[in-house]
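Visitor: Could you look at this predicted model? Sequence included:
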Amino acid sequence: SPFAYGGPRNTILRLYPDIRTRLLGIGWPATPELESYQDYVDAYQEKHPTGSNYNLENFYDAAYFLAYGMVAAGAQIRGETIADGMVRITTGATPYNVGRADLDTGFGFLSSSFTTKIDLVGANGRPDWNAAGARHNPASVWCLDTGSLYQGDVLTFDDENDTLVGTVPSSCFTFPAPP
């Protein structure tokens, strides 16, 4: 994780600080073209006006998917019923975005009948889950710049051309490697 990069257990980086110039990672791609992503960024900036580290939509989405899954589970909230609830929130025709705006209406709609289904759209986009719960969405490449700041989605996967697109900033990855 880019957030564990400077942690106290990272002995390699303490011993070899220049390794930062050769560090790239793989993560979920952000989806800034989606309305729900912009709603997430707006909510983050409202709470943290000077903050710029809002590339945490995976964590944001997880909380909302769990909450909606629990509502969809009904009165008997257990792991199995929450899993069943997850099916109810990812297979419907009616879209609801994560975040505050749709929360009351989404919860109300799910609670109105045990057969209602919605299509919960996360800040990270619509989940494309397989039967085991893993997402099929393509990954993207992140890096840390010279100030050890996380730079997300410097390379993203283009499904149409089956290639990575974008540019890794020179402040993240120097080539050739430093001596």
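Guide: Right, received. Where do you want to start?
Visitor: alpha carbons only for contacts and neighbour counts from here, please
Guide: Will do.
Visitor: Adjacent strands (with direction) for the longest strand that the chain contains?
Guide: If you go by DSSP state E, the chain has its longest strand at strand 150-158. Sheet pairing of strand 150-158 (DSSP bridges) gives strand 140-144 (antiparallel), strand 163-166 (antiparallel).
Visitor: Pick the most deeply packed of these.
Guide: strand 140-144 (a mean of 23; mean count of other CA atoms under 10 Å).
Visitor: Residues in contact with that one: which ones?
Guide: By CA atoms under 8 Å, 6 or more residues apart in numbering, the residues outside strand 140-144 that reach it are 2, 20, 23-29, 150-157, 168, 172-173.
Visitor: Would you mind writing the CA trace of that strand as PDB?
Guide: The C-alpha trace of strand 140-144 is given here as PDB (Å, rounded to 0.1, in the frame of the first residue of the first chain):
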ATOM      1  CA  SER A 140      -4.100   1.200 -12.300                       C
ATOM      2  CA  VAL A 141      -0.500   2.200 -11.400                       C
ATOM      3  CA  TRP A 142       0.300   4.600  -8.600                       C
ATOM      4  CA  CYS A 143       3.600   6.000  -7.500                       C
ATOM      5  CA  LEU A 144       5.200   8.200  -4.800                       C
END
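Visitor: ok, now how distant is D119 from G69?
Guide: 12 Å (CA to CA, to the nearest Å).
Visitor: and those two? which has more neighbours close in?
Guide: Per other CA atoms under 10 Å, whichever of D119 and G69 has more neighbours is G69, with 26 against 19.
Visitor: how much space between that one and V165?
Guide: G69 sits 35 Å away from V165, going by CA to CA.
Visitor: Check which helices and strands the longest helix that the chain contains is in contact with.
Guide: If you go by DSSP state H, the chain has its longest helix at helix 57-73. Judged by 3 or more CA pairs under 8 Å, 6 or more residues apart in numbering; DSSP states H and E, helix 57-73 is in contact with helix 79-90, helix 103-112.
Visitor: Tell me which of the ones you listed lies nearest to L56.
Guide: Smallest distance to L56 across those (CA to CA): 19.5 Å, for helix 103-112.
Visitor: Can you work out which other helices and strands pack against the closest one?
Guide: Packed against helix 103-112 by the contact rule (3+ CA pairs under 8 Å, 6+ apart) you find helix 57-73.
Visitor: and G85, how many neighbours?
Guide: With other CA under 10 Å as criterion, G85 counts 25.
Visitor: Tell me who's in contact with it.
Guide: Going by CA under 8 Å, 6+ apart, the list of residues near G85 reads 68-73.
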